[in-house]
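Participant: How does the following fold in three dimensions:
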Amino acid sequence: MTLLSVLDLSPILQGSDVGQSLRNTLDLARHAERLGYNRYWLAEHHNMRGVASAATSVVIAHVAAGTSTIRVGAGGVMLPNHAPLVIAEQFGTLAALHPGRIDLGVGRAPGTDQLTARALRRTLTGEVDQFPQDVMELLHYFEPAAPNQAIRAVPGEGTRVPVWILGSSLFGAQLAAHLGLPFAFASHFAPAQMMPAIAIYRQQFQPSEYRDAPHVMLGLNIVAAPTDEEARFLFTSLQQAFVNLRTGQPGPLPPPVEGYGERLDPMAQAGLSSALSQAIIGSPDTVRAGLAEFVARTGADELMVTSQIFDHTARLRSFQIAAEARDELAKVAA
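Facilitator: Now for the predicted structure:
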């Protein structure tokens, strides 16, 4: 069965605070480790009142220190916001503290609005266009230093932290294939080009010192509960968050609302249906069938499950149901 991993935005809940969100993140990471999830990734977003993982490397350190076996990483770091040397030093430090457990996914989106991107970068000139060169510079810093090398990442050099390319378009697929790197596609919120991106990545992949063969990981929203009805109710928190974001009013993750989707205007409904078209929402039977169909259709090597559920206990249960579905499908395959 395809590997399952976790993507966590460390959601700040309506009526709660950042401290509680980060405690929930560590609790979920320990839960995922016990359930046999492969990785636990955190995402960089800025100026968003519903996301506590803006200082991504700091939160990764918090999670890695509180777990023992699960891989921990960034899904991702938005590289145009940073100098590659700084990221190499941060993740080199993490790799020194937690050898063999740190991943670094990098993307070229800002992870925020244009005004905040300018505050982060001080300028918006050229950074996105420089993304391929920045990735290559970053990879260089993780290699053993050459004699008389003028600029070295200390910590970082020689650690060969695994670097992933993140994307929601064909550009990321092409870059990952050209560099021979693993590829993670954001099908959990931008699924439109998922299948073409997978095909291009696999067709154009060039074996490298990093990977002999392509490796595709796909983002997937799963909201699982004992019944389809309860899962659909819990899912309305994510629906509200998407609508709030798309209408320029991002905020803390709201509690679920009965019948939320039915009350939306047709344009908002269409937007949700498009962005969340790959989501699997339902009971254990529904989730098991949805996982089997999604893997068969995409051939994904790994799925990165995200589950924006307001109630923390229900969120833990959702990840447990997904893990149980994985295990049942593995038994059938065997």
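
Participant: As CSV, could you dump the C-alpha coordinates of the worst-scoring helix or strand of the chain on mean pLDDT?
Facilitator: The helix or strand of the chain with the lowest confidence, counting by mean pLDDT, DSSP states H and E, is helix 114-121 at a mean of 76. Output in CSV follows, covering the C-alpha atoms of helix 114-121 (Å, rounded to 0.1, in the frame of the first residue of the first chain):
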residue,chain,number,x,y,z
GLN,A,114,1.9,40.3,-2.1
LEU,A,115,2.1,43.0,0.5
THR,A,116,3.4,40.5,3.1
ALA,A,117,5.7,39.0,0.5
ARG,A,118,7.3,42.4,0.1
ALA,A,119,7.7,42.7,3.9
LEU,A,120,9.4,39.4,4.0
ARG,A,121,11.7,39.9,1.0
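
Participant: in that helix, what counts as buried?
Facilitator: Neighbour-count burial for helix 114-121, with 16 or more other C-beta atoms under 10 Å as criterion, is recorded at 116-117, 120-121. Where you see a C-beta, it was placed from the backbone N, CA and C, and this is true even at glycine.

Participant: Then stretch 199-215?
Facilitator: Counting neighbours by 16+ other C-beta under 10 Å, stretch 199-215 gives 200-202, 205, 211, 214-215 as buried.

Participant: ok, which stretches of this structure are helices?
Facilitator: Counting by DSSP state H, the chain has helices at residues 18-34, 56-66, 84-97, 114-121, 131-141, 170-179, 194-204, 228-246, 266-275, 284-298, 312-333.

Participant: What is the last one packed up against?
Facilitator: With contacts defined as 3 or more C-beta pairs under 8 Å, 6 or more residues apart in numbering; DSSP states H and E, helix 312-333 has these neighbours: strand 3-8, helix 18-34, strand 216-224, helix 228-246, helix 284-298.

Participant: ranking the ones you listed by burial, who's on top?
Facilitator: By mean neighbour count, with neighbours taken as mean count of other C-beta atoms under 10 Å, strand 216-224 ranks first of the helices and strands packed on helix 312-333 at a mean of 26.

Participant: And that one, what does it pack against?
Facilitator: Counting contacts by 3+ C-beta pairs under 8 Å, 6+ apart, strand 216-224 packs against strand 183-185, helix 194-204, helix 228-246, strand 280-282, helix 284-298, strand 302-306, helix 312-333.

Participant: ok, residues contacting the third one?
Facilitator: This points to helix 228-246. The set of residues external to helix 228-246 that reach it, using C-beta atoms under 8 Å, 6 or more residues apart in numbering, is 50, 189, 221, 223-225, 250-251, 253-258, 260-261, 264, 268, 271-272, 275-276, 279, 281-283, 286, 308-311, 314, 318.

Participant: pLDDT of that helix, averaged?
Facilitator: The average pLDDT within helix 228-246 is 95.

Participant: what does stretch 171-185 contact?
Facilitator: Contacts of stretch 171-185 from elsewhere in the structure, counted by C-beta under 8 Å, 6+ apart, are 75-76, 105, 107-108, 131-132, 135-136, 139, 162-168, 194, 196-198, 200-211, 214-219, 304.

Participant: tell me the pLDDT at residue 123?
Facilitator: Among the per-residue scores, residue 123 holds a pLDDT of 61.

Participant: Count the residues that sit near residue 38.
Facilitator: As a burial measure, the neighbour count of residue 38 was computed by other C-beta atoms under 10 Å and equals 18.

Participant: coming back round to it: can you add distance to residue 180 and give the helices and strands packed on helix 312-333 back as TSV?
Facilitator: Compiled in TSV, these are given as follows (distance: least, C-beta to C-beta, whole Å):
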stretch	distance to residue 180
strand 3-8	20
helix 18-34	29
strand 216-224	14
helix 228-246	34
helix 284-298	21
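
Participant: Go through those and name the closest to residue 41.
Facilitator: Using C-beta to C-beta as the criterion, the shortest distance between residue 41 and the helices and strands packed on helix 312-333 is 5.2 Å, found for strand 3-8.

Participant: For that closest one, give me every contacting residue.
Facilitator: With contacts defined as C-beta under 8 Å, 6+ apart, strand 3-8 is touched by 25, 28-29, 32, 36-43, 53, 71, 75, 188, 217, 219, 301-306, 319, 322-323, 326.
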